[in-house]
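*Asks:* let's see this in three dimensions:
(2 chains)
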Number of protein chains: 2
Amino acid sequence: MGSEAESECSEVILGVDGGTTSTVCVCLPLLRFSDHLPDPLPVLGRAVAGCSNYNSIGEEAARDTLAKVMEEALSISGVNVSAVRAVCLGVSGVNHPRDAERVFNWIRNIFPAHVNIYVHNDAVAALASGTMGKLHGCVLIAGTGCISYGFTEDGREARAAGAGPVLGDWGSGYGIAARALTAVVRAHDGRDMQTTLTTHILDSLGLSSPDEIIGWTYADPSWARIAALVPVVVSCAEAGDQVANDILKNAVEELASSVKAVVRRLSLAGEDGRGSFPVVMVGGVLEANRNWDIGSEVINSVFKTFVGACPIRPKVEPAVGAALVAWNSLKKEVQANGHR
Amino acid sequence: MGSEAESECSEVILGVDGGTTSTVCVCLPLLRFSDHLPDPLPVLGRAVAGCSNYNSIGEEAARDTLAKVMEEALSISGVNVSAVRAVCLGVSGVNHPRDAERVFNWIRNIFPAHVNIYVHNDAVAALASGTMGKLHGCVLIAGTGCISYGFTEDGREARAAGAGPVLGDWGSGYGIAARALTAVVRAHDGRDMQTTLTTHILDSLGLSSPDEIIGWTYADPSWARIAALVPVVVSCAEAGDQVANDILKNAVEELASSVKAVVRRLSLAGEDGRGSFPVVMVGGVLEANRNWDIGSEVINSVFKTFVGACPIRPKVEPAVGAALVAWNSLKKEVQANGHR
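*Replies:* Take a look at the predicted model:
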């Protein structure tokens, strides 16, 4: 074990959370392979870059972003590329093994041949940020978009939702806000009941009539711009507006249903459906508000079907989760090879 | 009346239906101002051009399209611009009086000062194609998008829906198809019941797995491409699929609700709600299928609230409707000025 102990001092691992909005890389020292991690975790360096989803910006730009953000994190940490022992990248847009292989091939040549490289979807980094690197359980991400992703200890995985606005991700920030805008238009043209969403959304957008909402959405239908209205919906619901409350209740059921679908398909709750499993909750929509806490309501709904659901709100960011996946995977390999 | 009779032989009127997909102009002789129109109507010439919605292509291109399509229709009819007595343009994107004024100012200089020019939304041309030029009643247009538009004889108007996919036009071809795609994704990831839509939609798109639908929608989210799946939904519903039937029933209720909202706001059915009024039905979604006739179901639903609804499926195209609006408006002006 002598050489292992030495390398623990000088070697590092990299974790990358590659999203459509931004990409984060953290550099951690290669921690001792024990069952307990130090708290807080020692982060040697952290770098941030833009989008690394190759579906959005193309392969070359995505590869450059990933290469540069890792180089910068190493530089900030004051270590050379030769100190890297393992890298885990959780990258948005990696949905099939062939996608993972593509990203793996971009990265392979940046590092010496002995460096372990792991490539996953970015939901994996989010899950691991709650489970401290263990790929087991379900993660629910609800920000502008939403997705539920699950893993079993024997390597099976399943996902639900995450299909984008055309395909009805109604629990997402975009979905909640689009429904609120729709409710305002419907109240205005006489199809549905009046709602306080009308004045609050118009105020928030600086518009004077619901007619102008149509032009506002056509002018720039970007999801994030629409999802930014979620706090208005939550505050109307908290003030007692029925339409706003119905929209949030529907979002809760949508999000809970995507978690339950994944748990059921992977039998995460065991044969009797009563086993315990982690549910990692990530993203702005799930964060606590004053009275209306969407995240807690989702968990209450999941509990009704699966009593063993253990909600986790991560204390570290997804990039650290990715680094912990690298650490865990390396630990398993080292242990399997008898270097213990 | 001598000069009127002469002008009936040599003067013409133009009707333009300006849409986002295409623009049609027809040239009709200035018919005698009687209560009865000849059947079939004599169309001297017809020209077709591309998009004339200035929200889509900009003001200059829209103006050029309108000018050229009118010039071509006159040329085909073998008459000079000096023969034009009145023009009516129903143009997509004209939603406020200031929009109408803008289009009016483009067109004003093309014609001599005595020519009457009328500018409306393109829904007006569709209504008039069913009412033979009379601006009274409700028109329901359901193709790729959907909108309900109503007019009273004293000039009030109201609309419902027509707000685009972000704002939930669920009765449109786009809305029906997007719900069907959503149902396939939800069945696949375990959130909802299985449906025969899965195999039929995958076959129709040449895809092998529901996972690929996400990429298919991202690759090109154009509404018409998605709306093209409506016939698949209808055939699954006709074969008994419950999910497909629920989607179509929901679309019927959405479309009927937009008609009812307009009728209610304009009191088109009179004080007691039992008066008769035309409902002009236009667009691919409302056309008869074998067993599942969306248009008839919409009318059945409207009947339950307003027994005086008189459904009309137009026999002439919207551009002819626009020409008849010009003819009707001119008739009123001539009669008001005592030239009878």
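
*Asks:* mind listing what's buried along stretch A:74-86?
*Replies:* Residues of stretch A:74-86 classed as buried: A:74, A:77, A:79, A:83, A:84, A:85, A:86 (neighbour count, 16 or more other C-beta atoms under 10 Å in any protein chain shown). C-beta here means a position set from N, CA and C on the backbone, and glycine is covered the same way.

*Asks:* now secondary structure, pLDDT and distance to residue B:219 too, for these, in a markdown table please.
*Replies:* Shown next, in a markdown table, are the buried residues of stretch A:74-86 (DSSP: H, G, I helix; E, B strand; the rest coil; pLDDT from 0 to 100; distance: C-beta to C-beta, whole Å):
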| residue | secondary structure | pLDDT | distance to residue B:219 |
| --- | --- | --- | --- |
| A:74 | helix | 97 | 36 |
| A:77 | helix | 96 | 40 |
| A:79 | coil | 95 | 41 |
| A:83 | helix | 96 | 41 |
| A:84 | strand | 97 | 36 |
| A:85 | strand | 96 | 39 |
| A:86 | strand | 97 | 35 |
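
*Asks:* chain B contacts on chain A?
*Replies:* Proximity of chain A to chain B, by C-beta under 8 Å from any C-beta of the partner chain, involves residues A:55, A:95, A:158-168, A:178-179, A:181-182, A:185-186, A:189-191, A:211, A:213-214, A:217-218, A:221, A:226, A:257-258, A:261-262, A:264-265.

*Asks:* what's the top helix by length along chain A packed up against?
*Replies:* Ranked by residue count and defined by DSSP state H, the top helix of chain A is helix A:242-266. Applying 3 or more C-beta pairs under 8 Å, 6 or more residues apart in numbering or on different chains; DSSP states H and E, one finds that helix A:242-266 contacts strand A:137-142, strand A:146-151, strand A:157-161, helix A:173-188, helix A:230-238, helix A:294-305.

*Asks:* winner for burial among these?
*Replies:* Ranked by mean neighbour count, those are led by strand A:137-142 with a mean of 29 (mean count of other C-beta atoms under 10 Å in any protein chain shown).

*Asks:* each with direction, which strands does that strand pair with?
*Replies:* strand A:146-151 (antiparallel), strand A:277-282 (parallel) (DSSP bridges).

*Asks:* reformat those strands as a markdown table; add mean pLDDT.
*Replies:* Shown next, in a markdown table, are the strands paired with strand A:137-142 (pLDDT from 0 to 100):
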| stretch | mean pLDDT |
| --- | --- |
| strand A:146-151 | 94 |
| strand A:277-282 | 97 |
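
*Asks:* do you know which of those strands lies nearest residue A:49?
*Replies:* Between residue A:49 and the strands paired with strand A:137-142, the shortest gap by C-beta to C-beta is with strand A:277-282, which sits at 20.1 Å.

*Asks:* now do that closest one against helix A:294-305: the angle between them, please.
*Replies:* Relative orientation of strand A:277-282 versus helix A:294-305 (axes from the mean of the first three to the mean of the last three C-alpha atoms, to 10 degrees): 160 degrees.

*Asks:* about what we covered before: out of the helices and strands packed on helix A:242-266, which is closest to residue B:308?
*Replies:* Among the helices and strands packed on helix A:242-266, helix A:173-188 comes nearest to residue B:308, with 24.7 Å by C-beta to C-beta.

*Asks:* what helices or strands is the closest one leaning on?
*Replies:* Secondary-structure packing of helix A:173-188 (3+ C-beta pairs under 8 Å, 6+ apart): helix A:197-205, helix A:211-219, helix A:223-227, helix A:230-238, helix A:242-266.

*Asks:* keeping just the C-alphas, turn the third one into CSV.
*Replies:* Only the C-alpha atoms of helix A:223-227 are listed here, as CSV (Å, rounded to 0.1, in the frame of the first residue of the first chain):
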residue,chain,number,x,y,z
TRP,A,223,-37.2,28.4,-22.6
ALA,A,224,-35.2,30.2,-19.9
ARG,A,225,-36.9,33.5,-20.6
ILE,A,226,-40.3,31.9,-20.1
ALA,A,227,-39.2,29.8,-17.1
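
*Asks:* elements contacting that helix?
*Replies:* Using 3+ C-beta pairs under 8 Å, 6+ apart: helix A:223-227 touches helix A:173-188.

*Asks:* any low-confidence regions in chain A?
*Replies:* Residues of chain A meeting the criterion pLDDT under 70: A:1-9, A:288, A:339-340.

*Asks:* would you map out the domains in it?
*Replies:* Annotated domains of chain A cover A:2-132+A:316-336, A:136-314 [automatic domain parsing].

*Asks:* quick one: which of the helices and strands packed on helix A:173-188 is nearest residue B:270?
*Replies:* Nearest to residue B:270, of all the helices and strands packed on helix A:173-188, is helix A:211-219, at 27.1 Å by C-beta to C-beta.

*Asks:* show me what that closest one is in contact with.
*Replies:* Contact partners of helix A:211-219, identified using C-beta atoms under 8 Å, 6 or more residues apart in numbering or on different chains, comprise A:181, A:184-185, A:188, A:201-202, A:205, A:207, A:226, B:55, B:95-96, B:162-164, B:166-167.

*Asks:* can you say which of those residues are buried?
*Replies:* Applying 16+ other C-beta under 10 Å to these flags A:181, A:184-185, A:188, A:201-202, A:205, A:226, B:55, B:162-164, B:166-167 as buried.

*Asks:* would you list these in CSV and tack on distance to residue B:34?
*Replies:* Formatted as CSV, those follow (distance: C-beta to C-beta, whole Å):
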residue, distance to residue B:34
A:181, 49
A:184, 47
A:185, 43
A:188, 41
A:201, 52
A:202, 49
A:205, 51
A:226, 53
B:55, 39
B:162, 35
B:163, 40
B:164, 42
B:166, 47
B:167, 44
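
*Asks:* pull the most distant pair out of the residues you listed.
*Replies:* A:201 and B:55, at 21.8 Å, using C-beta to C-beta across these.

*Asks:* understood, closing this out.
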